[in-house]
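Undergrad: predicted model, plus sequence, below.
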Amino acid sequence: MTRITETSDQWWKTAVIYCLDVETFLDSDGDGVGDIAGLVERIDYLAELGVTCLWLMPFYPTPDRDDGYDVMDFYGVDQRLGNHGDVVELIRTAKDRGMRVITDLLINHTSDQHPWFKASRKSKDNPFRDYYVWRSDTPPDTSDMAVFPDKEDGIWTYDERTEEWYLHHFYSHQPDLNVANPKVRDEIMKVIGFWLELGIDGFRVDAVPFFLEDVGMSGQDADAMAEPHDHLKNIRAFLSRRRGDAILLGEVNVPHEEQVKYFADGQQLHMMFDFVTMQKLYLSLARADAGPLTEALLARPQIPEDCQWATFVRNHDELTLDKLTEEERQEVFAAFGPEERMQLYGRGLKRRVPPMVDGDPRRVRLVYSLLFSLPGTPSLFYGEEIGMGEDLEAEGRMAVRTPMQWSPEKNGGFSTAPPSKLVARPVPDGYGPQFVNAWDQMRDHDSLWNFVRHLVQIYRSHPELGRGSFQVLDQPHPEVLAHCVTWEDRIVVAVHNLSGDAHAVPLRLDIPGGSVLESLLSREEHETDDDGAVQLDLDGYGYRWFHVHPPHKLRLP
Ligand code: NOJ
């Protein structure tokens, strides 16, 4: 028997995460800015799609110089979006529809407009001085460490008033918090406790490696950070004491081997995005060769039972390719974003999936079929379910943060405000709301929306996809990934063809004689022969998923 009850305790191992920015989702009061009341209006849309966990990008008060990732008050709500009452209504409504809500937790840095930083830069003996990391000696060249090299030339900025430099891994208007300071640590715990108390189910933790590195710290601070992962362990322990089922989903874009440190023995992050596999997936797609993706999946380190990979093919940032070699990156650029205006920071793409594959519906669906069939918890970025494109004229990462396209109406149904008042303009080209929108697609049985919804349903009713052990099945075509996920007595087999040529794929399952392969995406069945062998035909860019019923063991999901 499968231990199906575990799927509720470890709900996050079979969740479907959906990331959105309240600001660009739905504007309920016609001021041109999306708001929490608008999001509540669309909870049923998300429930119908099958989303089980909303990830809200930062909604805190902000000077908005990094789209809300620059926070002025960790306990507040950006007035343009709503207030605490709206947040509580949202959480309640989402819960009623079976959805959990997590939010971004920014504990690496604040905005320079945060009262702590304003106080910190007043004088060297201000009580808040040590909330940030200062140095008095001239810093070395750190230009290779700046995360946004188009705007910053290092990670230290000189403060005229107090004549010292402060640390910031990101923009200079985002000073890094001194997490070695026990007072800062206490503040972080209070912030976590506050949102948990309001009903938030966990956090997407921003920029984790950056606040566990002791760069720039000296003296007592360096001593306090001698075991940096203790800080993360303490956060996790606090979170779990307050709410046993709350999660930490970390942004940790480091090589697989290093990610292990952040899972540790199940006492730090519950989940981490698998940036490496995401990047290798694009390399595989560019080459029409399943090799790089397969290698990445097989090289995933073993992680504790209480941990999980989060999978994704797009997020709100540049589609980073930073973990590929220079040559590999250039291959992906050539295939999916050959023009300079499509690229960002020399390491990533400004584009969304459909324009990258020239709108070829077979390839778009192939990508999402992979996302939902590979082991892990899939995370969608709003608009992926309808195949939205990007606005290449928008500044940097804002290219993919355009308003959600609800209908073919004015402003794509996002807002009734005059276009000049919109927080961002809708995508202007053939991917614009007139051609790509939720209204039309929800009414079209063959739409991408319905396809993604179907994938979500299958994923949810087959917990082996989220929890199972992964195995690559031998077959002769390098262009094809054939894999199997197994959990207890549940088995799903999936085959994906990354090339445009059709292939007949001979497979052999490790189960002797006469298993029934029941297709999950269409109505067809195959039976293996006495040796467990079967042949599956794939069209160019084709994909097929099967529930395997061993001989005489037909089972409902
Ligand atoms: C990572 C976030 O994903 C990104 O959008 C942000 O700019 C940086 N952290 C700084 O907060």
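TA: Yep, it's here.

Undergrad: gap between residue 139 and residue 212?
TA: 20 Å (CB to CB, to the nearest Å). Using the backbone N, CA and C atoms, a C-beta is placed for each residue, glycine as well.

Undergrad: so those two - more neighbours on which side?
TA: For residue 139 versus residue 212, neighbours defined as other CB atoms under 10 Å are more numerous around residue 212 (20 against 14).

Undergrad: for the more buried one, give me its contacts.
TA: Applying CB atoms under 8 Å, 6 or more residues apart in numbering to residue 212 gives the contacts 179, 225, 228, 229, 231, 232.

Undergrad: the fourth one is in contact with residue 261, isn't it?
TA: Just to be clear, that refers to residue 229. Yes - look at residue 229 against residue 261 with CB atoms under 8 Å: they come within range, at 6.4 Å.

Undergrad: quick one: residues in contact with stretch 151-159.
TA: With CB under 8 Å, 6+ apart, stretch 151-159 has contacts from 121, 134-135, 139, 141-143, 145-146, 164-172, 215-216.

Undergrad: once you drop chain neighbours, what's closest to the residue in the stretch 251-400 of the chain that the ligand sits nearest to?
TA: Nearest to the ligand, among the residues of the stretch 251-400 of the chain, is residue 317, at 4.8 Å (CB to the nearest ligand atom). Counting by CB to CB, 6 or more residues apart in numbering, residue 317 lies nearest to residue 397, which is 5.4 Å off, once chain neighbours are set aside.

Undergrad: residue 174 now?
TA: Nearest residue to residue 174 in three dimensions, chain neighbours excluded: residue 109, at 4.3 Å (CB to CB, 6+ apart).

Undergrad: which residues does the one you found form beta bridges with?
TA: Taking DSSP bridges as the rule, residue 109 bridges to residue 176.

Undergrad: what about it, how many neighbours?
TA: Residue 109 has 27 neighbours, counted by other CB under 10 Å.

Undergrad: who's in contact with it?
TA: Contacts of residue 109 (CB under 8 Å, 6+ apart): 70, 168, 169, 170, 174, 175, 176, 177, 207.

Undergrad: from what I can see the second one touches residue 175, true?
TA: Yes - taking contacts as CB under 8 Å, residue 168 lies within contact range of residue 175: 5.1 Å.

Undergrad: show me which of those two is the more surrounded one.
TA: residue 175 (29 against 24).

Undergrad: show me the residues around the more buried one that make contact.
TA: Counting by CB under 8 Å, 6+ apart, residue 175 touches 109, 110, 112, 117, 120, 132, 133, 166, 167, 168.

Undergrad: need the residues you listed in a markdown table with pLDDT and distance to the ligand, can you?
TA: Listed next are the contacts of residue 175 as a markdown table, based on pLDDT from 0 to 100; distance: CB to the nearest ligand atom, whole Å:
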| residue | pLDDT | distance to the ligand |
| --- | --- | --- |
| 109 | 98 | 7 |
| 110 | 98 | 10 |
| 112 | 98 | 13 |
| 117 | 98 | 15 |
| 120 | 98 | 19 |
| 132 | 97 | 15 |
| 133 | 96 | 16 |
| 166 | 97 | 16 |
| 167 | 96 | 14 |
| 168 | 96 | 10 |
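
Undergrad: closest to residue 372 among the residues you listed?
TA: residue 109 (33.9 Å; CB to CB).

Undergrad: what distance do you get for that closest one to residue 208?
TA: Distance, residue 109 to residue 208, using CB to CB: 12 Å.

Undergrad: then residue 49?
TA: 29 Å.

Undergrad: ok, residue 314 next?
TA: Residue 314 is 20 Å from residue 208, by CB to CB.

Undergrad: ok, residue 8 next?
TA: 27 Å.

Undergrad: thinking again about what came up before, what is the neighbour count of the residue of the stretch 251-400 of the chain closest to the ligand?
TA: 18.

Undergrad: that one sits in which helix or strand?
TA: In the assignment (DSSP states H and E), residue 317 maps to no helix and no strand.

Undergrad: once you drop chain neighbours, what's closest to residue 57?
TA: residue 21 is the one closest to residue 57 (CB to CB, 6+ apart), at 4.3 Å.

Undergrad: so what's that neighbour up against?
TA: Counted by CB under 8 Å, 6+ apart, residue 21 has contacts 34, 56, 57, 67, 68, 316, 382, 401.

Undergrad: who's in contact with the first one?
TA: Taking CB under 8 Å, 6+ apart as the contact definition, residue 34 lies against 21-27, 81, 403-404, 414-415, 423.

Undergrad: give me the distance between it and the ligand.
TA: According to CB to the nearest ligand atom, to the nearest Å, residue 34 stands 17 Å off from the ligand.

Undergrad: give me the pLDDT for the closest residue to the ligand within the stretch 401-550 of the chain.
TA: Proximity of the stretch 401-550 of the chain to the ligand (CB to the nearest ligand atom) peaks at residue 401, 9.5 Å away. Residue 401 carries a pLDDT value of 98.

Undergrad: how many residues are close by it?
TA: For residue 401, using other CB under 10 Å, the count is 23.

Undergrad: surely residue 231 forms part of a helix?
TA: Yes - counting by DSSP: H, G, I helix; E, B strand; the rest coil, residue 231 is found in a helix.

Undergrad: need the contact list for the nearest residue to it once chain neighbours are set aside.
TA: Of all residues not flanking residue 231 in the chain, residue 179 sits nearest, at 5.8 Å (CB to CB, 6+ apart). Shown in contact with residue 179 (CB under 8 Å, 6+ apart): 107, 108, 185, 188, 211, 212, 225, 231.

Undergrad: no further questions, thank you.
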